[in-house]
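Novice: give me a model of this one.
(chains A and B)
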Amino acid sequence: MVYLTRKVEFSASHHYHNPDLSAAENQRIFGKCNNPNGHGHNYTLEVTVKGSVDAQTGFVVDLKQLKEIMKREVVDALDHRYLNKEVPEFADQIPTTENIAIAVWKRLQGKLNVAKLHRVRIYETPDLWADFYGEES
Amino acid sequence: MKAYLTRRYMFSASHRLHCDGLSEAENWATYGKCNNPHGHGHNYSVEVTVSGQVDPATGMVCNLVDIDDCVHGEIIERFDHANLNMLPEFDGQVPTTEVLSVVIFDILKQSFRAAHLEKVRIEETSLNSFEYAGGAEIRI
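Specialist: Okay, here's the model as predicted:
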């Protein structure tokens, strides 16, 4: 089993707000992330896949294919978007780093026809990131 | 759904690698220039990984403020700009980064309650890193 990781960057804006909570509770829990006008980050996405090395090609996965899937399924949908308003997953859930990792996993799952999706890692900043390994883990 | 959250912190500290049970020559052979009696320092980078179910109400494994408060209070204030050899946490232990990883993990295990502590990873320099998960295997 060999693990392979591909990285891509995108930039997006968001804010944290739970409509079921009062304004004061939202402010207490989310702090300045609750600013209704939003703020943004340069996100880095790392997708790790795993599989055996194909004896003929020497690949776990065709990187070109992985790169295209990541662009089509994730970057084209999230890059330069206001996540709360323009990405359907976040119409009813808060676009935290954790939830972005889960949403990206769901977007990629089933699209990788060769290797198995192992981990989705989203860096919100170089000092903060979330990992998701799938629902069963 | 279970997710993992990692936050990185920095502190700077000095240390000297020296084992009282070894001779001067053996210490030098074991630790080399890290055995310099005057000590030396590093900018340590500490990554703290926690895990838990993502709370549907907040979208969070735990609030970052809680991790930040705990790590600043328990780790940064204790170790930043300190000489590790002088601290009680290293009584009878050589303050290698392996030992520092275990010390920091154990402190956080006792003090951080908002999510499950998975792992501590420390970079002593950009070329050396150490990870400790309380004895558990570490997931890629």
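
Novice: what number of residues lie near residue B:5?
Specialist: Using other CB atoms under 10 Å in any protein chain shown, residue B:5 is surrounded by 25 other residues. For every residue, glycine as well, the C-beta is placed using N, CA and C.

Novice: element containing the closest residue to residue A:97 other than its chain neighbours?
Specialist: Nearest residue to residue A:97, sequence neighbours excluded (CB to CB, 6 or more residues apart in numbering or on different chains): residue A:130, at 4.1 Å. For residue A:130, the element it lies in under DSSP states H and E is strand A:128-132.

Novice: what lines up beside that strand in the sheet?
Specialist: Using DSSP bridges, strand A:128-132 pairs in its sheet with strand A:116-125 (antiparallel), strand B:2-15 (antiparallel).

Novice: from the contact counts, what lies against the element among helices and strands of chain A having the smallest mean pLDDT?
Specialist: In chain A, the helix or strand scored least confidently by mean pLDDT, DSSP states H and E is helix A:63-70, which has a mean of 94. If contacts are counted by 3 or more CB pairs under 8 Å, 6 or more residues apart in numbering or on different chains; DSSP states H and E, helix A:63-70 sits against strand A:2-14, strand A:39-51.

Novice: quick one: distance of the next helix or strand after it to the chain centre.
Specialist: Later in the chain than helix A:63-70, the nearest helix or strand by DSSP H and E is helix A:76-78. Averaging C-alpha positions (CA atoms, centre = their mean, to the nearest Å) puts helix A:76-78 11 Å from its chain's average.

Novice: list the helices and strands helix A:76-78 packs on?
Specialist: On a contact count with 3+ CB pairs under 8 Å, 6+ apart, helix A:76-78 meets no helix or strand.

Novice: what does chain B put close to chain A?
Specialist: Taking CB under 8 Å from any CB of the partner chain, the part of chain B that reaches chain A is made up of B:1-9, B:49, B:54, B:56-61, B:63-65, B:139-140.

Novice: tell me which element residue B:46 falls in.
Specialist: With DSSP H and E as the criterion, residue B:46 is inside strand B:40-53.

Novice: residues in contact with residue 14?
Specialist: I'll assume chain A. Contacts of residue A:14 were listed using CB atoms under 8 Å, 6 or more residues apart in numbering or on different chains, and they are A:38, A:39, A:40, A:41, A:82, A:83, A:84, A:90, A:95.

Novice: think we crossed wires, I meant chain B
Specialist: Taking CB under 8 Å, 6+ apart, we find residue B:14 in contact with B:39, B:40, B:41, B:42, B:82, B:83, B:84.

Novice: is it true that the second one touches residue B:16?
Specialist: Spelled out, it's residue B:40. Yes: using CB atoms under 8 Å, residue B:40 is in contact with residue B:16, at 7.4 Å.

Novice: which residues sit in contact with residue B:128?
Specialist: Shown in contact with residue B:128 (CB under 8 Å, 6+ apart): residue B:97.

Novice: can you check the one 3 residues further on too?
Specialist: Residues in contact with residue B:131, defined by CB under 8 Å, 6+ apart, are B:101, B:119, B:120, B:121, B:122, B:138.

Novice: ok, of these, which come out buried?
Specialist: Neighbour counting by 16 or more other CB atoms under 10 Å in any protein chain shown classes B:101, B:119, B:120, B:121, B:122 among those as buried.

Novice: where's the closest residue to residue A:89 other than its chain neighbours, which helix or strand?
Specialist: Computed as CB to CB, 6+ apart, the closest residue to residue A:89 that is not its neighbour in sequence is residue A:103, at 4.3 Å. Assigning secondary structure by DSSP H and E places residue A:103 in helix A:97-108.

Novice: residue B:69 now?
Specialist: helix B:64-71.

Novice: and whichever helix or strand comes after that helix, what other elements does it pack with?
Specialist: Using DSSP H and E, the helix or strand that follows helix B:64-71 in sequence is helix B:77-79. Secondary-structure packing of helix B:77-79 (3+ CB pairs under 8 Å, 6+ apart): no helix or strand packs against it.

Novice: which residues sit against helix B:77-79?
Specialist: So helix B:77-79 is in contact with B:11, B:13, B:44, B:87, B:89, B:107, going by CB under 8 Å, 6+ apart.

Novice: tell me which residues of that helix come out buried.
Specialist: Neighbour counts over helix B:77-79 (16+ other CB under 10 Å) mark B:78, B:79 as buried.
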